[in-house]
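[1] With the sequence up front, the predicted model follows.
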Amino acid sequence: MFKLSLPIKIITLLLILLIQMPVHAQFTALTNFGDNPGELTASYYLPDEHNGNLVVLLHGCVQNGEKMAEQSGFLGLAKTNGFTLLVPQQNTKNNIKDCFNWFSPQDIEKDQGESLSIKNMILAVKKQTKSDNVFIAGLSAGGAMTSVMLVHYPELFSSAAIIAGIAFPCADDLIKAISCMRNGPSQTVSALTSLVNDAGKTTVNWPNLTIWTGSADKVVNPLNSTTLALQWAKLKGINSAAIVSQEQGYQKQHWQNDTKQNVVELVMIDGLDHGISVNSKAENGGESGPFLLESPISAALHIAKFWQLAP
């Protein structure tokens, strides 16, 4: 009779490990992407048939970016729709909570610190995959860092999404950052817009932007998202009021350009706390977990449609 060379308990353990193999195995570590003053790491998912679109996903505090990519639905959408997914990753050496340092002057100045690291990651993967279009989304601290990237490098992005994030430049130190999170920006919408325009950005073709928040967010005051939407509408030169629609469980506001295209969008989800909304009943709609909150609408699905990356 044939005898197993390994004890049955070890074989069983190996089988369990294979079954539970993490999503991380589907990503490739990004190396040799140039200067990395922010000391970040990154990985990316490259589909077999790449369609020339690159999506950058910035995680929130205490999150693993790859796991967030899977649980939010973005990884499934990348597989289904053929876009590359780049996931920069913060570490506790830089921030004890693994937050991107969206309030730190050395990380949020153009071509400095973490912002330069993320830019170089994007340029490296864009070149490697010959991507024509780059999109960026961020949650919480990742959303605030997305604001930084959009203001400094608007020409790099076709469109963007900010989830439970904060307008730039709301804060340049930790005390101001906590105030922004709790109370919303201390600056008016006009002041925030002027601070961006005064940096020589008046003629920029700003990317389209979809903004997401929960009405019951206890970590980042929803006023931040409302202010961000109004700031972005002003940056894009839109003077008309938003078009408001009430859906089942959430409200949408749209700002349209001269050709009646929705170029700025604010989605406010009724009763949602801090996190990204998922809808586990929908294909690639995500699954619930810490800061991944069950909702009538999947943010990842809707964002991909807003970007015209999914039908």
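    Cool, got the structure.

[2] Who is the residue nearest the centre of the chain paired with across the strands?
    Most central in the chain under CA atoms, centre = their mean is Gly138, positioned 1.7 Å from the mean C-alpha point. Per DSSP bridges, the residues bridged to Gly138 are Leu58, Ile162.

[3] confidence score at it?
    Predicted confidence (pLDDT) for Gly138: 98.

[4] any idea how far it is from Met68?
    Distance from Gly138 to Met68, counting by CB to CB, to the nearest Å: 10 Å. Yep, even glycine has a C-beta here, placed from its N, CA and C like the rest.

[5] what residues are shared contacts of these two?
    Taking CB atoms under 8 Å, 6 or more residues apart in numbering as the contact rule, Gly138 and Met68 both touch Leu57, His59, Gly60.

[6] Contacts only, for the last one.
    For Gly60, the residues meeting the contact criterion (CB under 8 Å, 6+ apart) are Met68, Cys99, Gly138, Leu139, Ser140, Ala141, Gly142, Gly143, Ala164, Gly275, Phe291.

[7] what are the phi and psi values for the residue lying closest to the fifth one once chain neighbours are set aside?
    In this structure, Ser140 finds its nearest non-sequential neighbour in Gly60, 3.5 Å apart by CB to CB, 6 or more residues apart in numbering. The phi/psi pair for Gly60 (degrees, to the nearest 10) reads phi -90, psi -180.

[8] And the pLDDT for Gly60?
    In this model, Gly60 is scored at 98, pLDDT.

[9] All the strands of the stretch 1-150 of the chain, residue numbers only.
    With DSSP state E, counting those that start in this stretch as the criterion, the stretch 1-150 of the chain has strands at 28-29, 41-45, 53-58, 84-89, 133-139.

[10] Of the ones you listed, flag the one that's most buried.
    strand 53-58 (a mean of 27; mean count of other CB atoms under 10 Å).

[11] tilt between that strand and strand 84-89?
    Per axes from the mean of the first three to the mean of the last three CA atoms, to 10 degrees, the angle that strand 53-58 makes with strand 84-89 is 20 degrees.

[12] so Leu209 touches Ser159, yeah?
    Yes - using CB atoms under 8 Å, Leu209 is in contact with Ser159, at 7.1 Å.

[13] ok, now how distant is Ser194 from Gln231?
    Plainly put, Ser194 is 10 Å away from Gln231 if you go by CB to CB.

[14] next SSE after the helix or strand containing Asn224?
    In this assignment (DSSP states H and E), Asn224 forms part of helix 223-235. For helix 223-235, the succeeding helix or strand toward the C-terminus, using DSSP H and E, is strand 243-247.

[15] Name the spans of the protein whose pLDDT lies under the cut-off.
    For the chain, the stretches with pLDDT under 70 are 1-25, 199-203.
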